[in-house]
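Chemist: Starting from these lines, generate the structure:
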Amino acid sequence: MSKDAPLAKTGDLEFDPVFLNARREAIVIFLIWLAGLLWCVPCCYLLGFKENYNPETMKTILGVPSWLFWGIALPWVVADVLTVFVAFFYMRDEHLDVVEGEQE
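Modeler: Here you go, the predicted structure:
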């Protein structure tokens, strides 16, 4: 627990700022993952599953099937950009104090 930073109180519990930051960052990462899931699965199902599949009329984007581009490639690039943003601009380093009784 950091001695310099005040503890946040929730009812009878006190939370360390390091814990609160880690929880906030985990929630953001989970929401990015959930958005990717909610985009990829329905998009791939709706665009990729065809009852009357005809390879002659399949639409492509940059040489890959359009359902794969919109359902996998595009969300992957968006997730990479969001990951870089979160890692470099949203997450913060916290100083971790040594707990009494531990050796360095």
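Chemist: I am assuming residue 18 contacts residue 92, so please confirm or correct that.
Modeler: No: in this structure residue 18 lies outside contact range of residue 92 using C-beta atoms under 8 Å: 9.8 Å. Backbone N, C-alpha and C define where each C-beta goes, glycine included.
Chemist: quick one: which of those two has more around it?
Modeler: More crowded of residue 18 and residue 92, by other C-beta atoms under 10 Å: residue 18, with 16 against 10.
Chemist: and the closest residue to that one other than its chain neighbours, backbone torsions?
Modeler: Spatial nearest neighbour of residue 18, chain neighbours left out: residue 94 (4.5 Å); criterion: C-beta to C-beta, 6 or more residues apart in numbering. With angles defined as degrees, to the nearest 10, residue 94 sits at phi -120, psi 140.
Chemist: Spit out the contact partners of residue 78.
Modeler: residue 36 (C-beta atoms under 8 Å, 6 or more residues apart in numbering).
Chemist: tell me the pLDDT at it?
Modeler: Per-residue pLDDT puts residue 78 at 95.
Chemist: Residue 72 versus that one, what's the distance?
Modeler: Distance from residue 78 to residue 72, counting by C-beta to C-beta, to the nearest Å: 11 Å.
Chemist: and the helix of greatest length in the chain, how far out from the chain's middle?
Modeler: Longest helix of the chain, by residue count under DSSP state H: helix 17-48. Offset of helix 17-48 from its chain centre (C-alpha atoms, centre = their mean, to the nearest Å): 5 Å.
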